[in-house]
Structure formats: structure tokens, C-alpha cells
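Peer 1: Dropping the sequence and predicted coords here.
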Number of protein chains: 2
Amino acid sequence: MSHTETSTRITTTTTTRATLVKRTGVSKVLSKKDSIRKSSKKRRASTTIILLSNVNKTKKNFNDNIQKTIITTEYNHQHQNDDRTKLVDSQSQPSPPALLSPSVDIESNYLINTSLPPSSSSQSLSSYIEPDSNSPFRNSASPRESLTSIASEKVLLMSSEQQSSVVQPLLTDLYQISMAYAYWKPNKHHELATFDLYFRKNPFGGEYTLFAGLDECLKFVRNYKFHPSDIEYLRASLPSYIESEFYDYLSALDMNDIKIYAVPEGTVVFPRLPLMRIEGPIIKTQLLETTLLTLVNYASLVATNAARFRSAIGADKTLLEFGLRRAQGPDGGLSASKYCYLGGFDGTSNVLAGKLYGIPIKGTHAHAYVNSYECMDDLSQRDLCDRITGERRPFSDLCLHYLNEIGPALKILPEETNKGELAAFISYAIAFPTNFLALVDTYDVLKSGVPNFLAVARALHECNYQAVGLRLDSGDLAYLSLEVRAKFHEVSKKLNLPYMEHFTIVASNDINEDTLVSLEKQGHSIDSFGIGTHLVTCQKQPALGCVYKLVELAGSPRIKVSQDIEKVTIPGRKNLYRLYGHDGKALCDVLTRIDESAPEAAIRMLSRHPFSEQKRAYVTPTSVKSLYNLYWADGEIRYSLPTLKQIRTYVREQIDELRKDHKRDLNPTPYKVSVTDDLFQFMHKLWMKSVPIGELE
Amino acid sequence: MSHTETSTRITTTTTTRATLVKRTGVSKVLSKKDSIRKSSKKRRASTTIILLSNVNKTKKNFNDNIQKTIITTEYNHQHQNDDRTKLVDSQSQPSPPALLSPSVDIESNYLINTSLPPSSSSQSLSSYIEPDSNSPFRNSASPRESLTSIASEKVLLMSSEQQSSVVQPLLTDLYQISMAYAYWKPNKHHELATFDLYFRKNPFGGEYTLFAGLDECLKFVRNYKFHPSDIEYLRASLPSYIESEFYDYLSALDMNDIKIYAVPEGTVVFPRLPLMRIEGPIIKTQLLETTLLTLVNYASLVATNAARFRSAIGADKTLLEFGLRRAQGPDGGLSASKYCYLGGFDGTSNVLAGKLYGIPIKGTHAHAYVNSYECMDDLSQRDLCDRITGERRPFSDLCLHYLNEIGPALKILPEETNKGELAAFISYAIAFPTNFLALVDTYDVLKSGVPNFLAVARALHECNYQAVGLRLDSGDLAYLSLEVRAKFHEVSKKLNLPYMEHFTIVASNDINEDTLVSLEKQGHSIDSFGIGTHLVTCQKQPALGCVYKLVELAGSPRIKVSQDIEKVTIPGRKNLYRLYGHDGKALCDVLTRIDESAPEAAIRMLSRHPFSEQKRAYVTPTSVKSLYNLYWADGEIRYSLPTLKQIRTYVREQIDELRKDHKRDLNPTPYKVSVTDDLFQFMHKLWMKSVPIGELE
């Protein structure tokens, strides 16, 4: 059942091999300059790329520290429609097929190979361009070759960066360092501690959360090493009487003797569940706190947000993340792209996220492109070659002709559409004839954008191509999408081209979760949503409050009581189980003390609310799942890590396991997180002991 | 008046010299293990650090690309209280004084040297530890040597990273790349374009915004270069018929022929002001869009948020940024620290931000540290040496003794304070006797935390140290701070130690702008605020909607009209002026066409609302300031960039220039952003021309 069982184990080879698959080929799309430019394509080009790959630290079999990976790539530019795939490894030898299996390079597991079908090594990659089943054209390459979904299908990605360079030991709060010294000075730092990482409240008024960020936490722990300049900075920052041996200790410090138990990345989780249990010398477990929280908090928050957007609009619409420009800086944007995909989005506009994580990238053009043409005279290319015959056609004239022809059906004046916009559409269609998706709201959607789009779409049809659709970026999206669909209907009837009724309508104007819910209620005809600001900033709740609390030290349990009752911690090392009913849906989660036996299927047990004495229930689960894996121990990642795409699939399964009433939009039912009676008694005894008794006057 | 005039010009030396200033010295704070550990300090240690410094690309006088900076640092560990400063440059020669002036290394201007006083080269840096003027101790090192403010005063920082490694050309939306191809294919890409970067609405319901992120934009433009692996990725992602020469073009592309005009970083700005005007070939100016927006949007938003927090609480309180764990991942946290400091915060908990940007770092200990002690028996070190005499004192016994002594004055039962908490405080005070600041809410603030803190503070006093204060992290902060201050008052009276009444009270529990406003209204006794979540996530408005719009192409103005009127752009290249009244306060901003003459002091002019025909006013300014500088041209940064600390000062001046009614909390008055009559007519003519006329049925 666990998704991780199906993923492959970490390879122990000492060489990181990045292999590049390249599809080349020259289509029949020709323009004026093509013949001149083409000549150079016949030359055989050869490129050598040298990368400094990231450090694969602490993997015992790795003889690192910095590996040089030399990638030699050969391109064959030969004949038109000659699609070839040539795989070359680091010695310029043909790669063995194994290099293309998903197990190739689990070390950089999110960076490469997330979506290549297993059999691809022996197959021309061009076959992975999804053919359009509605296409009237069968005898050639797809008339709608997508700009947007090829990368993840066609290339094994490589990258010089596995993780942002700022993820390093100094990316922490100063008090972690001062506490480290205060532990170290009286020689207390060796004491074995256990910390729980958890949150106290589900975000967005919902009743579930997705756990994400684990992969990055494990990489951080694996690479944990103070740089000499870090030590210098600390020496200069801390008081002068700090003992020098402390800095020697920090310089040599690694995370090889800590253990990390965690629930698998992508698991649906709830308040108070320890998502990670970190065990080891207190100085080390303490030093990890801030960075682990930083890596888990936003990742889980935005993944949950994405899942909620998905849930609001249903599985059949396309959701695209467009948030880079509104994120918390560059890395915030990358995290958003990655974890929105994990949470259920279909793609991103962020090209670097596509390169680094293998996420499908999407996008066509902006208003500026439309504005860059003022009139038809601005067009310097006006012809397009027929996709099938190769014949040169007077494309811009065709567009004007069809604009006049469809004007009456659209009830507009053809001479009143903006001719700068039309020129821009024509130019864009000549550049991307298989992927024409036009932004139609620069001047006026219904009076200018849609007629211009349809004229170009009709002319493309004349040249044996098929337009993709249009994008709305302002106005009343529900109303406009229905109006636009009605125009499509009119024109497809008039032209007797049924596929035109089904052109894709993309919408992208300040959309949030409530907009999606409302659109579903009022009716709309949007196929695809580009969502930025409110997705990546998590407008409804911009932070998840994960905390990291000491629950055991030197074998003795610790509790943190507080005047705020929800800040009280559940003490001791604990295990974590999910109990399922006969319908396969999750019933409740149960925390047990570490040495208690696990709950068993068909055995009735008493589950208790951790804080309220009166809240108790008997549960007889149909099945029980232990939620923890031991991910890090003895200086290595012990559990195979799934790919981003595998996690995405697992997320969907996880959400399906949840009863509908926990997921509904309005007043969802809280999911029960309970403790065993044993843990309850244990906790409350310690709690009483820790709270001082006052004296009334 | 412009702050940039006072900052230094870019140096043209070809060597990046990072110089390290190190203060060493052994205090008299001794513990059991000290004598053993100390022996090794007498050895003379020498460390060599080799850094690969970042690429200083495109600076004409730089013979880079990758420079190796070798830093040799010598440490002198000699005698107690022998504080020395030894400056060693890259050839191990004493640095010339010029190396320490703020002009040393403007290339890495935010990374080093942001706060070192100009005269420091010839002076022992130890004198920059601020002496505590209230201190009863005068004959030795300060009894409150701060953990937290030394770094920025004492060390010239170095760093191997000038900018996050993810800031690169692929950090963009896919449509920028597809538009680039669509511009390139018909040979339109050379056309000269002008883009304006601006926002449409002030954030947080306020009426002003701080412009930030310019420095990072300029570094991005300077380093703009596609990596061969980027090109490979694009080849694989875009349709196969993309002409190969396009990729050659991208490979060779740099930003040397574009120009960037901008308002200085830290300027107070308003909706519709073009903060940056980017001119150059359309393909290049287009390719910059997303990354510039990413770098400006969050920087400006969080800087503005910080300024508002500062404004809510007044200039005399200390504001600390604690948001790393709740930011949008690692880089979000770094950006938050940097731009909160710029906006008026005093320090951060983020150690890496301290190292990279020279921001003072702050922090003591967490609940986990308190929880790590269960009882007094857990103490393995119990003695502390007197700061003046060096005599070993039974510190933990002293603490217990004073706890009993002050119990009655605090009206608590000394035996009921949590003794694990007391042990933790004792241990922390032994580690940091000059910097004891205790977190007092782990068990019970008034019954346990405060009495334990005061007992340790009194014992520290006995050993000739002075505690700093305490931190509250839960409960009613206004009430608790007043109660705690009252206890301080009682105890300081009883002990006849007046300074104890003024112990610092730090508060840090989910504080937002409204909390600060409310605290000021209801009365409190908090000196210092640690603020995380709501500061860095900008809870009230998590994104600033900066946009990037084409306003001119090939010498002809462009307008983007829209069904949403606020989305209409102001066409053409424009200049930007701020008009001041006789009181030195800003009256309004005026946009002019590029070839109009500038507004002049004492000359009456007509200013107009850009959209509403009826809204007009005559203005006679007392003085006029042109807001643009040309920052980037001919492949180099043309204007000297101020340090982060200089920008922070400039921000304060800028906010002072603004009338109070624009800044007030409730219903602030909008500041007027106007256009000249010439620009108004020009814009509206173009607008009419661009909107299609419909046909009523």
C-alpha cells in the first residue's frame, strides 16, 4: 500500500551520471529566412558541458566531496523529420539501458527522470508527444504539438543544483547556536534527545493538511557541515569568552548519529501528529530545528493549498501554477511550483522549476506581445507553409479574409477589431503554428480578441494546423467564458468545424479558492486555470505553524506546559497509527507510547482525546497502518525516496482515503487524533507534576 | 539630498579583497573544564580559507570571470583581556586604511562592511562594544557584553554567495521564452522597447510603499547568462521546429545594451509610479520581466510591512525579525531578514542573514532548553567565577539562596517554582554570564519563570555580572509585561538595585501590526519585540502586485487598455518628479513625457489625475526632485549603490518627508500621483484610438 515500497532503492554507484536525451528534427514549418538558417543545421554540432555536481555527503560508499560530472552530448541535425535519440554517457559511450530506468539516479531523485516512461530507452521519444485524438489530421505530426508538455516527457534532466545554496547550517536562528554552546559547556550535549515536529491547527479553515518537505530535510541533514567561514562568523558574533574548543566541535559536527522517523512525504496529516520524530544527541537535534521547520512549513502549507484548489474545481480541469512573480523571492517561487505540483496542480509557468523538478511547463504570451504590434504593416513575415504539403500560403491575407467571413456570425464589425492585436496573433501563429493560444483581453475580449483569434484559427485550419485556444486575464470570467464558448459554437457551426467549439479557454485573473467554488456554482466554460498570487502566498493563511518540541531527554519524558492549553506538548517517544474502517476510509489516528503494542485490526481499543478527560471512544479498526518510516540513520538515507510524480500520485490516494465530510468546503468535520489510555495517563501525570501550585491571598 | 550622492563610487580594482577583522581575548569566565581547555588557546592558530567568489560579470575593468579570493587569517590567542585586532589582506600584509572604508568593495556591497565605523582601521575594534551607561561596573569589560550585536560592529564579513543561486535566466515564466522566439523569428527582436515596472495599489490598506530589491535586480542583469544546460532544457521543451539559431542567439545573449532607470532603493513610492524604466531591444527587456518582478515584489512588500510595524510602535522600541521558520522556504526567510532590516527593524534571529548582510543577529534560548533540565540535580556545573576577582563562587547555591530571599517580595512560594527551569537558567547564566536573557513562560510566568529569573539575576549581581532581561512567548503580553515590571520594581526596591527595575522585557507571541497598535493603546512595559509569522508573510496582504508593461516600441507609444480601468497603462517614456512644499514635505508626484521640461520650484503648474478628466489641481512647489537615476547602461552598474545600512537610514528620511495624514493607521489620505496636462492629452488620445467601437443591435 505504501507508495514508497514501489519506488526504487538508492544506488550506491560512486559516479553521478547525467544523461541527456535529445530529440531533434526539422519540421516543415518554413518561413522566409528558413532556407538560409537551415543550412547550418546540417552541421553536426557537439557540445561538452562540465558541471560541478553537488556534494553527495555522508553516503558511505561515495568517495566525494566534489564530483565532476562530464556530460558529452551529441546532436544530430540531419534530415527533415529524422527524429533520433542518441544517448551518450560520461565516456561518450552509448548508455546501457539501465541508465534510463527510474532507478538511475535516486541521489538527485527529483531532478531527473520524473516522468519518462520506463520503456523509453529503446524507443523514439517523439512518440511521447500525445497525439490529439480529435485531430482531423492523421498523416503527419500532430497539428497541435504542445509547447508545454514535451520537456517532462522527452528529456532526462540534469542540474548543477540539488538544493538551494542557502540551505546550510547557518540558516537557523541564533538561539540554536547559543543553546548549542550552553549544552556543550557543561558536557550535556551528548544526552540523547527526542524532538517532535508537528503543527497545532489545520490551515485554511480546513480539516486536513499534506505533509511535504521531507526530501529537502533529508538532503539538508545529509549535507550538514559548517563552512570555515561560518565558524569565523560565529566566533566574531558570540562573546569572546566562548571556549575555542566549542568551535572545533562545531567544525567537525555531522548528523551521522541522529535518527529521523517520519510519515511519508505527501501523507494527509492532522494537528498534533508528530510528522517527524528526531532522535539523537541534544545538541544536534536542537541545531536542526529552525531549518527543518523552514523546509516543512511552507512546503506543507502550499501543497495543502494546491490540494484544496484542486478539490474545489474537480479532477477534470487543468490547474497551472503562475505564481513566481508574487512569491517570497526566487526560492519561494521555486518551492511554490514544486509543492503545488505535488498537491495536485498539472504544471507551472516557472521554467527553472521545470528544469529542476521535471514539472510540465506552460505558457504562451503576454499583453506586451500584443502591444508590440500596432497595425498589420508591422508584420514582416506574412506567410506560413502548409503543414502537409509544405506549400507557402499568404497567411495574413487568409486571416483578414476569414475575419470578414466570420464577422456576421460573431455580430461584430470586422474593421473595428484591433489590427495591432490581429498582427500579433498572426505573428505568434507563424512562430508557433502547432500551439496557438492567444491572450484576448488586451483591447476588448468579445469585440476584438475573440474575432481576431477565430480568424487566425480558421486560417491555421486552412494551412492544416489546429489552434489550441485562448486566455482571459480580466473581467467576469464566468460570464466571458460562457459568451466566448457561445461564439465558438456559432463559428464552428457556420464553418462546419466541430472541433472549434471545444477550443481551450484558459482563465488567469487573481483566482483564489473561493473564486473556483463560486465559478463551479454559477456555471462557466473554462478548461484551464492559471493561478498565481493567492495560490503561492496562501492568502487565507500565509503560514503553517509547525513547531519542534523536546519530548524526551536521557530516557526521561519532557512536557512543555503553557498558559495556552494548545501549546502543551505530548511527552515521550511515540508511535503513530492510522486506523481504517470497513470502507477503507481512515477512522482516526492513534498515538501510542513507544513501547506499547500497536493497535490491531478487529481488536477493540479505547482512544482518548489528548487533553479532554471526558472525550473517549472505543474503536475497532478493520485495518491499521503504522505511519512512520525510519528515513535517516547511521549517516544515510535509509528509505528509498519516491519521485515528485510518485508523491503526487500518493497524495491523490491519500486524499481519497479521507471521508468526504472531513474535506468539504463548509464546516468540515474534524478528524480524530487520539492517544491510548496509557499515553493519556502518562501525559496527565507529568503535566500535574510540572505545574506549580499557587498561594491565594 | 539623495542618499546615493553620499555613497561611494564603484571601485575598479580587479581584485576582490575580503578582509577579516577578528577580535579575540579570553575573559575571566572560568568553569571546571576551562583550565584544561585553555591550554590549547595559547597555540597560535592560523587558518587559510579559499573561497570561490561570485562572478563579477560585465564590469569592464574586471578580468574575471571566476576570481579566487584567498583569505589568510591569523588569530592571536595570548593573554587574558588582551584584545587585539590584526588585519591581514590577501598577501598577509597589513591592509591599507582604504580597505576598511565603506568604499572597499562595493561589488559585494551588501555583504561586507555595512556597519563598521569609518575610523575603525586604526582603532581596536573592542571599543565598539557599546558600554552600558547604567552599569555599576566600570573597571573591566562590560558586565553585559552582548551576544547579539557584536558581529556587525566587529567583523568585515565575507561570503561566497552574493545572490541566491536560483536567480538566473531560467527563473522566469515560460511565456517570456516563447515570446522571445516570436520576436526573434520575424527579426523584430532588435526593436527598442521601454517597459515600466509599477504597482497599482498600496499594500496593507496604507497609502505608501517602500521600493526595494533594486540592488538584486542589478546583480541579476549584470550576471544574465544562459547556461548550456539551460539551452538544452529549452531545446527539449519547445517544439522541435524552433530554429536552431534562436538557441545560439540565447546562448550569446547578455544585457549590455539595455538601460535601467530607477528610483533609489528605499524611496517611498506610490501606485502607478514607474519604479523602474527598462529600455532596450524588446527581446531582452521582455526576458527580464518575471525575474525583476520576483525580486522587487516581495522585497518592497516586506520592507513596507516592517516600516508599518515600526511606525505602529515608535522609534524607541527594539524590533527583531524572527520569521525564518514561517517564511516561504529558505530564501524567503533570507529576503525577509534583509528587507525587514531595510524597513526599520533592528536585527534578526537569522544567522545566515547576519553573515551575508551584516544585520545584527539576536537570540538566546528556547523552551526546549528549559525542558532539558528536570531538577537541580541535572546541573553538572554549579560554579561561576567572579567577573572582577576571578574567584570561584557556588553559583547554584547563591541562586537558591536568593530565590528564598525574594520569594516574599514576589508573593510566591519559593519551593513551588519549577526547579528544572531554575537549573536551566543557572546553566545558561554560567554559559553566558554577560548576556542572561531568560525565557520565562515554560511553566508559569509569574509563579515560576520570573522568580527563577530574578534569583539568577541577583546571584549574577553577586558575581559582578548584570542580567539582561527576560522573554515572554505566550499569554496576555500587555498584562504580563506590566505585572512583570511591577515585580521588577518590588525586587529592585527590596534589594536596593535600581537597574533591576529596567530589565529588558522581550515579547514574541504571534505579534502583528494590530497587536502593536493595541499594545500602545492599552499600555504595556515591553522593550523589545520578536516578530515572525505576520511580519514575513505579510498577513494583511501577502503580495504586492507589481506589473511590467510595454509603454513604447520603436519610438511609438503603446497603451494597454482593459475592461478593468485600473489596468490601463500610461503610455510612452516618462520622467518622474517629486514636488515639495515649504515645510519640506512631499506635495505630490508628477509624471511628464520624456521630452517635457521638468517642473520647477516656484513655478505654478497644472497637475492632473491620469484617469479622471475632472480631477485637476495647480501646484507651486517650493522644491522639485527628479526621482530617476540611470543605474544600468553599457554593461555596467553606473550609479554607486548604497549599503544596506545606508538604505535603512534613507528609508527613515523618506518616511519623514511624508505628511502624517498619509501615514496614519486609520483612513490615511491618498498621496497624489499626477500627470502633466501634456501627458494627459497624449494618453487619452491614444486610449480612444485603441478601443474598438461596438455595434448596438
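Peer 2: Thanks, I have it.

Peer 1: where does the stretch 101-250 of chain A dip in pLDDT?
Peer 2: A:101-164 (pLDDT under 70).

Peer 1: Strands along that one, start to end?
Peer 2: With strands called from DSSP state E, counting those that start in this stretch, the stretch 101-250 of chain A shows them at A:192-198, A:209-210.

Peer 1: Please work out which of those is packed deepest.
Peer 2: Mean neighbours per residue, mean count of other C-beta atoms under 10 Å in any protein chain shown, is largest over these for strand A:209-210, with a mean of 26. From N, CA and C alone the C-beta is placed, and that goes for glycine too.

Peer 1: what comes into contact with that one?
Peer 2: If you take C-beta atoms under 8 Å, 6 or more residues apart in numbering or on different chains as the criterion, strand A:209-210 is touched by A:199, A:202-203, A:266-270, A:300, A:303-304, A:307, A:342-343, A:544, A:651, A:654.

Peer 1: Of the residues you listed, which are in range of chain B?
Peer 2: Among these, the residues within reach of chain B (C-beta under 8 Å from any C-beta of the partner chain) are A:L544.

Peer 1: Closest to the geometric centre of chain A, which residue is that? Let me know.
Peer 2: By C-alpha atoms, centre = their mean, chain A has its centre lying nearest to A:K338, at 2.4 Å.

Peer 1: List the residues that contact that one.
Peer 2: With the criterion set at C-beta under 8 Å, 6+ apart, A:K338 makes contact with A:110, A:299, A:353, A:356-357, A:359, A:644.

Peer 1: Out of the residues you listed, the closest to chain B would be?
Peer 2: Closest approach to chain B among the contacts of A:K338 (C-beta to the nearest C-beta): A:A299, at 7.2 Å.

Peer 1: got the angle between the helix or strand hosting that closest one and strand A:192-198?
Peer 2: For A:A299, the enclosing helix or strand under DSSP states H and E is helix A:282-313. Angle of helix A:282-313 versus strand A:192-198, following axes from the mean of the first three to the mean of the last three C-alpha atoms, to 10 degrees, is 20 degrees.

Peer 1: So for whatever helix or strand comes next after helix A:282-313, mean pLDDT?
Peer 2: Next in sequence after helix A:282-313, counting helices and strands by DSSP H and E, comes strand A:318-321. Averaging pLDDT along strand A:318-321 yields 97.

Peer 1: Equivalent analysis for stretch A:408-427, please.
Peer 2: Average pLDDT, stretch A:408-427: 94.

Peer 1: A:D254 is in contact with A:F226, isn't it?
Peer 2: No. Using C-beta atoms under 8 Å, A:D254 makes no contact with A:F226, being 9.7 Å away.

Peer 1: thinking again about what came up before, which entry within the contacts of A:K338 corresponds to the minimum pLDDT?
Peer 2: A:Y110 (24).

Peer 1: Please say which of A:D254 and A:F226 ends up with more neighbours.
Peer 2: A:F226 (20 against 16; other C-beta atoms under 10 Å in any protein chain shown).

Peer 1: how much space between the more buried one and A:V167?
Peer 2: Counting by C-beta to C-beta, to the nearest Å, the gap from A:F226 to A:V167 is 14 Å.

Peer 1: element containing the nearest residue to A:G314 once chain neighbours are set aside?
Peer 2: Once flanking residues are discounted, A:G314 sits nearest to A:E520: 7.4 Å by C-beta to C-beta, 6 or more residues apart in numbering or on different chains. Assigning secondary structure by DSSP H and E places A:E520 in helix A:513-522.

Peer 1: following that helix, which helix or strand shows up next?
Peer 2: Using DSSP H and E, the helix or strand that follows helix A:513-522 towards the C-terminus is strand A:528-531.

Peer 1: From the contact counts, what lies against that next one?
Peer 2: strand A:318-321, strand A:504-507 (3 or more C-beta pairs under 8 Å, 6 or more residues apart in numbering or on different chains; DSSP states H and E).

Peer 1: Of those, flag the one that's most buried.
Peer 2: Most buried among the helices and strands packed on strand A:528-531, counting by mean count of other C-beta under 10 Å: strand A:318-321, with a mean of 24.

Peer 1: contacts for it?
Peer 2: For strand A:318-321, contacts defined as C-beta under 8 Å, 6+ apart pick out A:306, A:309-310, A:313, A:336-337, A:340-341, A:344-350, A:362, A:506, A:527-532, A:535-536.

Peer 1: could you dump it to PDB, C-alpha only?
Peer 2: Taking Å, rounded to 0.1, in the frame of the first residue of the first chain, the C-alpha atoms of strand A:318-321 are listed here in PDB:
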ATOM      1  CA  THR A 318      -6.300  21.800 -15.800                       C
ATOM      2  CA  LEU A 319      -4.700  23.800 -12.900                       C
ATOM      3  CA  LEU A 320      -1.500  25.700 -13.700                       C
ATOM      4  CA  GLU A 321       0.700  27.500 -11.200                       C
END
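
Peer 1: List the strands paired with it, with their directions.
Peer 2: Strand pairing for strand A:318-321, determined by DSSP bridges: strand A:347-348 (parallel), strand A:528-531 (parallel).

Peer 1: The residue nearest to the centre of chain A belongs to a strand?
Peer 2: No. The assignment for A:K338, made by DSSP: H, G, I helix; E, B strand; the rest coil, is helix rather than a strand.

Peer 1: Could you list the domains of chain A?
Peer 2: For chain A, automatic domain parsing gives the domain ranges A:7-158, A:174-306+A:542-690, A:364-526.

Peer 1: Redo those domains as CSV? Include distance to B:P414.
Peer 2: CSV is the format used below for the domains of chain A (distance: least, C-beta to C-beta, whole Å):
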stretch, distance to B:P414
domain A:7-158, 49
domain A:174-306+A:542-690, 17
domain A:364-526, 54
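
Peer 1: Alright, calling it a day.
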